[in-house]
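J.: Need coordinates for the following:
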Amino acid sequence: MAIFKNKGQNSLVKDICGILILAIIILAFVYHNEIKYVYSSPEEIKQFIEGFGALAPIIFILLQVFKVIFFIIPTTIFAVAGGYLFGPFLGTIYSLIGITIGSCIVFYASRRFGRPFAEKVISSQELRHFDVFFKKRGKSALFIARATPELFPTDVVSFAAGLVKIRFKDFILLTFLGSIPNMLLLNLFGGQLSQGLSPIALGILVVLGLIILGYLFRHRLRVLLIKEIKEYEEGIKGIKKKSIKGIKTLKGDMSYEFHKWKRQILIADKIFTIVVILFLGIYRQDYVVIAAYFLLMPYLVLTQRSSLLYHLLAASLVAIAWMLIAKKQYGYNHEFLTLFGINLYPLFAWAVGLFLIYVLYSHYEHILKEEGFLKQFLLFIAFYIPLLIAVEAIAYHVFNIHNVAAAAFPGLPICNCLHAPRWVQLAYFAMGPIFFLLCYFLKLENPHLSRPKVLAQKLNSDKACL
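T.: Sure, this is the predicted structure:
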């Protein structure tokens, strides 16, 4: 996502984002009753959009154009919504029109302002991968990239295509044709949702889940599946090994460089966490944790921490495994959404909770970065246990969220909450450490610390030579 090199631009972007976030929070508090009504069921959403009458398709297309230009909200959300609102056929047509128009605008901006502009908005690695692919495959590379947005995101392709030699009319045609398979699949799923969660919809949902996984691991998949990109990355890998070998003796003098927005991001992360907790007392709780989960993705991209998406995936895997083991232990005094017999409130609450606790911990990991694994592990536990108890107590006593399925069991003496069998209580305290160990052994990167300064400078100079 955007990497603005000019400090004035950084400040402006942060101010705009802060104002937008504050405005959304204020509007959500002021109009929370209206929002509850609109989102009380999918049918209410459909009626709300249809209330625009003949303008509904135009508004939907404009939203698709806006999405392509600013690429903060995933394409999947709009495409599924299109199928749900207008049916698979019209939803696909409207989505294709919006994506094509938006892509043309991005293409023109990239061609007009050149690579310096594109590299301020898109990561240089994404641009280099498309450059290498297009150089070898020509126009077919554009079609393949459009047909596989899980490997080549829509915005990346539009920016990168503006920097290579391709005619504008060819770009329009290949964008439209290449986007058809993905848009058709997403709109078919949206159309099935309007008829309830049928076996067909579940099948498409599984496919979409695989597509999302593909997107999260797109860099590795591109290297694995595309020969030209694999050769390029092997060349980069060779340079890295050579650079690291050349500066090994300087290891003791290296210091870690913090994320350039460290202080502002720490404040934003705390605000995000507090807002999620507060909204649990205002809106329907399962909607809050599900919305928080999906909002985390654009939030991480916007704050230049895409590597944390892997941590979110790890938290999701832990949450899914736990719910498969303990799904019979949950039954609340509120009516929550379920899928395959699994209550979605605790599923998403665990995924979001584990992830946010890790994010807060990661801001302070540098204190013990050179002190070894054990002290880092104990520091995470020092974050996890108090926050777990505090959130459970607030949910139970303040927000009246009671797990009636386990109400007969005694709670924790210190807070009279977390009523559950002893093995469940022990599992609650073990899930955080398990998640931390999973992240550690997968060697997931802490984005708040970059590579050592000396190594970063040498690697950048060597990559420039390539």
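J.: Next, the buried residues of stretch 376-395.
T.: 376, 379-380, 383-384, 387-389, 391-395 (16 or more other C-beta atoms under 10 Å). In short, each C-beta sits where N, CA and C put it, glycine included.
J.: Go through the residues you listed and name the one with the lowest pLDDT.
T.: Of all the buried residues of stretch 376-395, the one the model is least sure of by pLDDT is residue 376, with 81.
J.: can I assume that residue is in contact with residue 365?
T.: Yes: shown here, residue 376 and residue 365 form a contact pair, counting by C-beta atoms under 8 Å, at 6.3 Å.
J.: in the chain, which ranges drop under the pLDDT threshold?
T.: Screening the chain residue by residue with the criterion pLDDT under 70, one finds the ranges 1-49, 70-78, 193-261, 367-372, 413-416, 449-466.
J.: Let me see the contact set for residue 179.
T.: 95, 96, 99, 100, 146, 147, 149, 154 (C-beta atoms under 8 Å, 6 or more residues apart in numbering).
J.: Likewise for residue 266?
T.: For residue 266, the residues meeting the contact criterion (C-beta under 8 Å, 6+ apart) are residue 363.
J.: can you tell me the helix or strand for it?
T.: Here residue 266 is covered by helix 262-279, with elements defined by DSSP states H and E.
J.: would you list the buried residues of stretch 376-395 in JSON lines and tack on secondary structure and distance to residue 293?
T.: Below are these laid out as JSON lines (DSSP: H, G, I helix; E, B strand; the rest coil; distance: C-beta to C-beta, whole Å):
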{"residue": "376", "secondary structure": "helix", "distance to residue 293": "26"}
{"residue": "379", "secondary structure": "helix", "distance to residue 293": "25"}
{"residue": "380", "secondary structure": "helix", "distance to residue 293": "21"}
{"residue": "383", "secondary structure": "helix", "distance to residue 293": "20"}
{"residue": "384", "secondary structure": "helix", "distance to residue 293": "19"}
{"residue": "387", "secondary structure": "helix", "distance to residue 293": "18"}
{"residue": "388", "secondary structure": "helix", "distance to residue 293": "18"}
{"residue": "389", "secondary structure": "helix", "distance to residue 293": "22"}
{"residue": "391", "secondary structure": "helix", "distance to residue 293": "16"}
{"residue": "392", "secondary structure": "helix", "distance to residue 293": "19"}
{"residue": "393", "secondary structure": "helix", "distance to residue 293": "22"}
{"residue": "394", "secondary structure": "helix", "distance to residue 293": "19"}
{"residue": "395", "secondary structure": "helix", "distance to residue 293": "17"}
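J.: what's the farthest-apart pair in those?
T.: 376 and 395 (28.4 Å; C-beta to C-beta).
J.: quick revisit: between the contacts of residue 179, which has the most around it?
T.: residue 95 (29 neighbours; other C-beta atoms under 10 Å).
J.: For the helix or strand harbouring residue 145, output the C-alpha coordinates as CSV.
T.: Secondary structure assigned from DSSP H and E places residue 145 in helix 139-147. The C-alpha coordinates for helix 139-147 follow below in CSV (Å, rounded to 0.1, in the frame of the first residue of the first chain):
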residue,chain,number,x,y,z
LYS,A,139,-0.3,-9.0,-23.6
SER,A,140,-1.2,-12.5,-22.3
ALA,A,141,0.4,-11.5,-19.0
LEU,A,142,-2.2,-8.8,-18.5
PHE,A,143,-5.1,-11.2,-19.2
ILE,A,144,-3.6,-13.8,-16.8
ALA,A,145,-3.1,-11.2,-14.1
ARG,A,146,-6.7,-9.9,-14.4
ALA,A,147,-8.0,-13.5,-14.2
